[in-house]
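Peer 1: Requesting a structural model of the entry that follows:
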Amino acid sequence: GKMAAWLGWVTFICFTLSSLCSFGSSESLTINNGPNSRRLQGCVENPPSRILVYTAQKTGGSLLVDALGQFPRTVTLDLYPGKEGPEPGVLPRPMSAFQIYAREVMDEFVQNNPTAKKEDVFKQIGDKFFSMPAAQQAPYKTKEEQSKLKENQIMTVVKAVTNPWTLGWQYVASFKPDARILFVRHPAHIIRALKITPENEKGTAKKLKQLDHAFAARDRLFNETIFYEELVMDQAKVATSFTNLGFCPKTVSLMLSFKTMTTQNMVDFNLKECDWCERTKWKEWDAKGTKHKIELSSHLVDKRPGPADRAIAAKVCPALSAYYASKYPKL
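Peer 2: The predicted structure follows:
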């Protein structure tokens, strides 16, 4: 029993190997409405436990992460290009009594044994915990039961961008999200923001082609598709997407007001509740994007791209360009 529990802890703190899966798997598109349910202001919340936001650079995707991060007890990870997301086993979840104890004493053990190997430290902690009398283990067992309460569950949001190194299906395979959101923006505006030139056009084109392919198959690959322009100018449509994911309308209004959590609040919560963030020395700008003031503004939409930007967009993002031409012809 002691060895099994100790091995369970080792498994908990280590990364597991990624399992291959199809980016379009219908099974992984299922929204998990159970574990993360909680009651707020008389409304039962049923959001997914893990949300993947798939987008490209310069879409304003971090702003969507900011909105989702307004939900209570949410870890938000804004991955830089090519950085694979953490696997579910190392993300916040209900913890066993032993895991709670180990988390509390780990730093002390490391300080007292600075040259000890990691596996030796884990063994020492395990030996000490399982040799405790039941009365000493009781407080940790109480905390274990508390961690299983719905109101104490933690939602995790990972934002990943298109890039040549890590494909969309790889993010799904490693993170195993309960729900996927595709976040897009007018491709000509993306190109204008990236300041594309003939020298870097090839690399940027690959990223945008990935976004265009995802958009063309959005109904099959994603639970919701959210547009940057709607997030800053027509939030009613974004609110519908949020409620479709299981958030209550009153909560959605608070989330889209961006007034509950600051960027620094989110960073602090990450470092407190996400062991993976702390163990990997997850930098603040990686854990929650750049430390900027959350600001909703349509000024990026108002700046119209030139003919050259639009020509490149039509070439590398035909599906997305055609959609915007018919839906938002004035952009």
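
Peer 1: Which stretches in the stretch 151-300 of the chain count as helices?
Peer 2: Using DSSP state H, counting those that start in this stretch, the helices of the stretch 151-300 of the chain run over 168-175, 187-194, 201-216, 218-221, 228-233, 235-244, 249-255, 263-273, 275-279, 284-288, 299-302.

Peer 1: out of those, deepest packed?
Peer 2: helix 187-194 (a mean of 23; mean count of other Cβ atoms under 10 Å). For the C-beta atoms, the positions are set from N, CA and C on the backbone; glycine is no exception.

Peer 1: Can you dump the C-alpha atoms of that helix in CSV for me?
Peer 2: This file holds the C-alpha atoms of helix 187-194, laid out as CSV (Å, rounded to 0.1, in the frame of the first residue of the first chain):
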residue,chain,number,x,y,z
PRO,A,187,-6.3,37.6,-41.8
ALA,A,188,-5.3,40.9,-43.5
HIS,A,189,-5.2,42.5,-40.1
ILE,A,190,-3.0,39.7,-38.8
ILE,A,191,-0.6,40.2,-41.7
ARG,A,192,-0.6,43.9,-41.1
ALA,A,193,0.1,43.4,-37.4
LEU,A,194,2.9,40.9,-38.2
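
Peer 1: Can you mark which positions in stretch 132-145 are buried?
Peer 2: Of the residues in stretch 132-145, those with enough neighbours to count as buried (16 or more other Cβ atoms under 10 Å) are Gln137, Tyr140, Lys143, Glu144.

Peer 1: For the second one, give its distance to Leu245.
Peer 2: Here the criterion is Cβ to Cβ, to the nearest Å. By it, Tyr140 lies 34 Å from Leu245.

Peer 1: Equivalent analysis for Tyr101, please.
Peer 2: Taking Cβ to Cβ, one finds Tyr101 at 35 Å from Leu245.

Peer 1: Quickly find the element holding Phe122.
Peer 2: In this structure, Phe122 sits in helix 118-130 according to DSSP states H and E.

Peer 1: right, I mislabeled it, should have said Thr59
Peer 2: Using DSSP H and E, Thr59 is not contained in any helix or strand.

Peer 1: ok, so what distance separates the residue lying closest to it once chain neighbours are set aside from Phe215?
Peer 2: If the residues on either side of it in the chain are set aside, Thr59 comes closest to Arg185, at 4.1 Å by Cβ to Cβ, 6 or more residues apart in numbering. Using Cβ to Cβ, we find Arg185 at a distance of 11 Å from Phe215.
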